[in-house]
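Colleague: A predicted structure for the sequence below; I have some questions about it.
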Amino acid sequence: MEQDLSAIRRALRKPLEAEVARGKLTAPQIAVMRVIVRQRGICLKDLSRKVSLAHSTVSGIVDRLEKRGLVERRADPEDGRTSLMRPTSLVADFVREQIPRLSRGPLESALQRATRAERAAIAEALRRLRELLEANPA
């Protein structure tokens, strides 16, 4: 079962990983951009904590993303000494729209190829798995 779950995870990640590779982005850069989009303005200290990376590492990541026009630093309106990281519209759109579409694509494609009975069996198995996971959280 573990091999099946691993293969499913890989298949679901494949389109997103291909798109990220085309953009020459690293996993830490993607993680930083996701947090910046969710927070809509976050200081380096909080960003570092959210992605569990050192402040200097996150600062370097933000510098590189800013040079590429993917994030912006703006003065915090409440504290002019602090900068807030904000996504550019390109990044916000990618994180909000493209990542979910790329992640859903393989699943939707596979389900379209399944028979009605197979889709019903998969849906029932997923419902039951969810019940089991929610009933006994790790």
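Modeller: That came through, no problem. Residues are numbered from 1 along each chain as shown.
Colleague: only C-alpha atoms for contact and neighbour calcs from this point on.
Modeller: OK.
Colleague: mind checking how far the residue lying farthest from the centre of the chain is from L111?
Modeller: Using Cα atoms, centre = their mean, the residue of the chain lying farthest from its centre is A117. It sits 32.2 Å away. For A117, the distance to L111 under the criterion Cα to Cα, to the nearest Å works out to 11 Å.
Colleague: same deal with I8?
Modeller: Distance of I8 to L111, computed by Cα to Cα: 13 Å.
Colleague: how distant is stretch 103-123 from the center of its chain?
Modeller: 23 Å (Cα atoms, centre = their mean, to the nearest Å).
Colleague: only the buried residues of it, if you could.
Modeller: Judged by neighbour count using 16 or more other Cα atoms under 10 Å, the buried positions of stretch 103-123 are S103, G105, P106.
Colleague: which of those fall within helices?
Modeller: Secondary structure defined by DSSP state H assigns S103, G105, P106 of the buried residues of stretch 103-123 to helices.
Colleague: D46: neighbour count?
Modeller: Residue neighbour count, defined by other Cα atoms under 10 Å, stands at 13 for D46.
Colleague: numbering from 39 from now on, please.
Modeller: With the count now opening at 39, the last piece we talked about shows up as D84.
Colleague: name the helix or strand for it, please.
Modeller: Assessed by DSSP states H and E, D84 sits inside helix 82-89.
Colleague: swap in Q150?
Modeller: Secondary-structure element containing Q150, defined by DSSP H and E: helix 137-151.
Colleague: with V73 instead?
Modeller: Using DSSP H and E, V73 maps to helix 65-77.
Colleague: so which strand or helix has L170?
Modeller: Taking DSSP H and E as the criterion, the element that holds L170 is helix 154-173.
Colleague: what's the angle between that helix and helix 137-151?
Modeller: Angular relation of helix 154-173 and helix 137-151 on a 0 to 180 degree scale: 130 degrees, by axes from the mean of the first three to the mean of the last three Cα atoms, to 10 degrees.
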